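Novice: okay, predicted coordinates and the sequence, questions at the end:
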Amino acid sequence: AALADAMDRMHPGIGITAWILGRLGLRLGETLALQRKDIDLEHGVLHVRRTLTQEYDSKTGKTVTTVGTPKSLNSAAPVRFGGHMAELFEEHLREHVGPEPNAWLFPTNRGTHMTEANYRDRYFTPAKRTVPGLEDYWPHDGRHTAGAYLMDNGASANMVKKQLRHSDVRMTNKYLDTTDEQQARLIIDRVDAGIPVTPSRPSASAT
């Protein structure tokens, strides 16, 4: 929430990306390639249909950002969202996105899609520097955040796999490991709380 607020102060409307990355678990390239038609408010579904890719142009010697298809068939899959995200999407579409179905959710002033480098350099990195504890947080860390929150709230490994669109369940297992460690620490702390503190020996003057 603090990251989203900090980003919105820099560029109104860009803060919702923090929620898309950290709660829905999209990759940054997928997030910046979203269009109005990809958000189904009625059914609470976001459709991942494209992503930004980096290609080297041998003629110019520069890396060019293009819009391509997601990295795998699993990546090109619907992502469910709840009522609070629906409200954020509805406001964003109303205030910051053109009416055309192909309108970019996060356009530049020229009406083109935002590149990952511009996003990181202009908004994400400056904003995270203002939030204590996020110094080492990067856009792709949002996928781990989203997976951990799903596990913490009772999601099965299969649900996490589908929501994050993993092609291999081994990718999902790392969230199980994280949750198991957190759960173990919680149990240890609860057990530890039942150990009475040994009272100090009374002084010689005590009756």
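Specialist: Received, thanks. Numbering: from 1, shown residues only.
Novice: pLDDT weak spots in the protein?
Specialist: For the chain, the stretches with pLDDT under 70 are 56, 71-76, 168-188, 190-192, 195-207.
Novice: nearest spatial neighbour of residue 2, skipping sequence neighbours?
Specialist: Closest residue to residue 2 apart from its sequence neighbours, by C-beta to C-beta, 6 or more residues apart in numbering: residue 131 at 4.6 Å. All C-beta atoms are positioned from the backbone trio N, CA, C, and that covers glycine.
Novice: now do the contacts for residue 90.
Specialist: By C-beta atoms under 8 Å, 6 or more residues apart in numbering, the contact list for residue 90 reads residue 41.
Novice: which element is it on?
Specialist: Assigned by DSSP states H and E, residue 90 belongs to helix 83-96.
Novice: list the contacts of the very next helix or strand once past that helix.
Specialist: Counting by DSSP H and E, the next helix or strand C-terminal to helix 83-96 is helix 116-119. For helix 116-119, contacts defined as C-beta under 8 Å, 6+ apart pick out 14, 17, 28, 29, 32, 52, 54, 65, 106, 108, 139.
Novice: what's around the first one, how many residues?
Specialist: It stands for residue 14. 22 (other C-beta atoms under 10 Å).
Novice: and it, how far is that from residue 124?
Specialist: 9 Å (C-beta to C-beta, to the nearest Å).
Novice: thanks a lot, see you next time.
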